[in-house]
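1. no sequence for this one, just the structure:
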């Protein structure tokens, strides 16, 4: 089954590609390794913002991590032409905009990790860190960057 | 000398492999590049937790970074079969759970860097960042992730 | 035009190579991938230090990010012999030492990203994250690490 068909089956529609918020690219393909820039959670026309553990619950933050994953997939599809070129999601770096004392960051980033496994199956299983940041751009709740192996 | 013999010589016993605390893998092998997920300092049956510069001294935190390195080695050995397959430790990203104003993060992460050089010799020498985080999972004092080159 | 000539044309003089502040290397070449360790902003004989949004303005911090880029270029030139070996800047991880509530981190790291594009042209365009840290080593205002593809 193609990833496009799999997304339909999962009732997942990818959001518009997010235009980089500065002098950088949304992702860079280095040979067969794709480096996806830090993305945030876009919901409709705005970001999901806030401090997790204070203005956002863990469930809201986990959903923000899933939205972040969807935004990364949109960027990857645009760069690669098709997500069928993804051979393996290698690694995530997951960053949570934390209120003081909030240390359940792995449960938040699981929202993105689980999405990638739903979409790519075992090829979506990846290495990861999931940590708490002092601040993220524009006050977004979650930021995630990703490395993947792709084929031609 | 094999790395196993070297560990005996150094009187180092690796801890049990830590089971990932979420929907991710402890490490992923991409061709000949091994991406090791963020690991923490395990001491006996618990983590070393706390804010460095407040509830932990720099010496305690440096030892926590060494324990984190041992946990990464245990994961690498399980995935690779033998640590003799490690050709080079390429890069660390070292994260310290800091109290406000604690900026001696390189001295903390040296606890892991020095371990890797003890174990692998010059092949253990690596690039690195060593920075201060707002929060780490479960309040652990240190989290480190790693990239290594391995052979078949 | 060689990169050395390009630097002259841009009136850029690289600073002295910064000696690593711990048990690590300034950068590591893994085949054709160069991993540059976290560098900070050196101005004359000292670092640019402070909390962005409190003791430093955004303009001062953006200049610190540019200085950080220059320090990375000095390290890369020493390791590679010549910056002409740089084929592509692949990825940055940009870390800003933030005061509470400062979330304009992309505008800060642009100071480094724009430098790399000035120096390398399109080959300087890269993937990136630009995030806010609780603390950085020695209180530096900005720390950046980098991955580049190089040729022999």
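-> Noted; the coordinates are in hand. All of these numbers come straight from a predicted model, not from anything done at the bench.
2. all contacts plus neighbour counts: C-alpha atoms, from now on.
-> Fine.
3. what packs against the lengthiest helix in chain A?
-> Longest helix of chain A, by residue count under DSSP state H: helix A:58-80. Judged by 3 or more C-alpha pairs under 8 Å, 6 or more residues apart in numbering or on different chains; DSSP states H and E, helix A:58-80 is in contact with strand A:27-30, strand A:33-39, strand A:42-43, helix A:105-120, strand A:142-150.
4. and the first one, anywhere near chain B?
-> Read that as strand A:27-30. No. Strand A:27-30 is not in contact with chain B by C-alpha under 8 Å from any C-alpha of the partner chain; minimum separation 14.1 Å.
5. Quick check: can you name the pairing partners of that strand and their directions?
-> Sheet pairing of strand A:27-30 (DSSP bridges) gives strand A:33-39 (antiparallel).
6. which residues are contacting the strand it pairs with?
-> With C-alpha atoms under 8 Å, 6 or more residues apart in numbering or on different chains as the contact definition, strand A:33-39 has outside contacts at A:25-29, A:68-69, A:71-72, A:75-76, A:143-150, C:90-91, C:127-130.
7. mind running it again at 6 Å?
-> With C-alpha atoms under 6 Å, 6 or more residues apart in numbering or on different chains as the test, strand A:33-39 has contacts from A:26-28, A:143-149, C:127-129.
8. for stretch A:6-16, same thing?
-> A:70, A:74.
9. quick one, longest strand in chain A?
-> Counting residues, the longest strand found in chain A (DSSP state E) is strand A:86-97.
10. Tell me the strands beside that strand, with direction?
-> strand A:127-133 (parallel), strand A:142-150 (antiparallel).
11. I'd like the distance between the spatially most central residue of chain A and residue C:13.
-> Centroid-nearest residue in chain A: residue A:69, 2.7 Å away (criterion: C-alpha atoms, centre = their mean). When distance is defined by C-alpha to C-alpha, to the nearest Å, residue A:69 is 41 Å away from residue C:13.
12. quick one: contacts for residue A:93?
-> Neighbour list for residue A:93: A:128, A:129, A:144, A:145 [criterion: C-alpha under 6 Å, 6+ apart].
13. Okay, and the beta partners of it?
-> Beta-bridge partners, per DSSP bridges, of residue A:93: residue A:129, residue A:145.
14. Equivalent analysis for residue A:97, please.
-> residue A:133.
15. What's the local residue count around it?
-> 30 (other C-alpha atoms under 10 Å in any protein chain shown).
16. Just give me the closest of the contacts of strand A:33-39 to chain B.
-> Of all the contacts of strand A:33-39, residue A:149 has the smallest distance to chain B: 7.6 Å, by C-alpha to the nearest C-alpha.
17. in the longest helix of chain A, what's buried?
-> For helix A:58-80, the neighbour count (16 or more other C-alpha atoms under 10 Å in any protein chain shown) marks A:58, A:60-77, A:79-80 as buried.
18. what do you get for stretch A:121-128?
-> A:123, A:124, A:125, A:126, A:127, A:128.
19. so who does the fifth one touch?
-> Contact criterion C-alpha under 6 Å, 6+ apart gives A:91, B:24, B:25, B:27, B:28, B:37 as the residues in contact with residue A:127.
20. do the last one as well
-> For residue A:128, the contacting residues are A:91, A:92, A:93, B:37, taking C-alpha under 6 Å, 6+ apart as the criterion.
21. burial of the closest residue to residue A:151 other than its chain neighbours, as a residue count?
-> Leaving aside its chain neighbours, residue A:151 sits nearest to residue A:85 (5.3 Å; criterion: C-alpha to C-alpha, 6 or more residues apart in numbering or on different chains). Other residues lying near residue A:85 total 16 when counted by other C-alpha under 10 Å.
22. confidence score at residue A:45?
-> pLDDT, residue A:45: 88.
23. what's the spacing between it and chain C?
-> 19 Å (C-alpha to the nearest C-alpha, to the nearest Å).
24. same thing with residue A:82?
-> Residue A:82 sits 19 Å away from chain C, taking C-alpha to the nearest C-alpha as the criterion.
25. Return the distance of that residue relative to residue A:40.
-> For residue A:82 relative to residue A:40 (C-alpha to C-alpha), the value is 21 Å.
26. taking the mean pLDDT, what do you get for the longest strand of chain A?
-> 98.
27. how far is stretch A:43-60 from where the chain is centred?
-> In terms of C-alpha atoms, centre = their mean, to the nearest Å, the centre of stretch A:43-60 is found 15 Å from the chain centre.
28. now the end-to-end length of that stretch.
-> 12 Å.
29. quick one: contacts for residue A:83?
-> residue A:77.
30. Try it again at 7 Å.
-> A:3, A:76, A:77 (C-alpha atoms under 7 Å, 6 or more residues apart in numbering or on different chains).
31. Check the gap between it and residue A:43 for me.
-> Counting by C-alpha to C-alpha, the gap from residue A:83 to residue A:43 is 22 Å.
32. so what's the residue nearest to the centre of chain A closest to, chain neighbours aside?
-> Here the residue nearest residue A:69, using C-alpha to C-alpha, 6+ apart, is residue A:112, at 5.1 Å.
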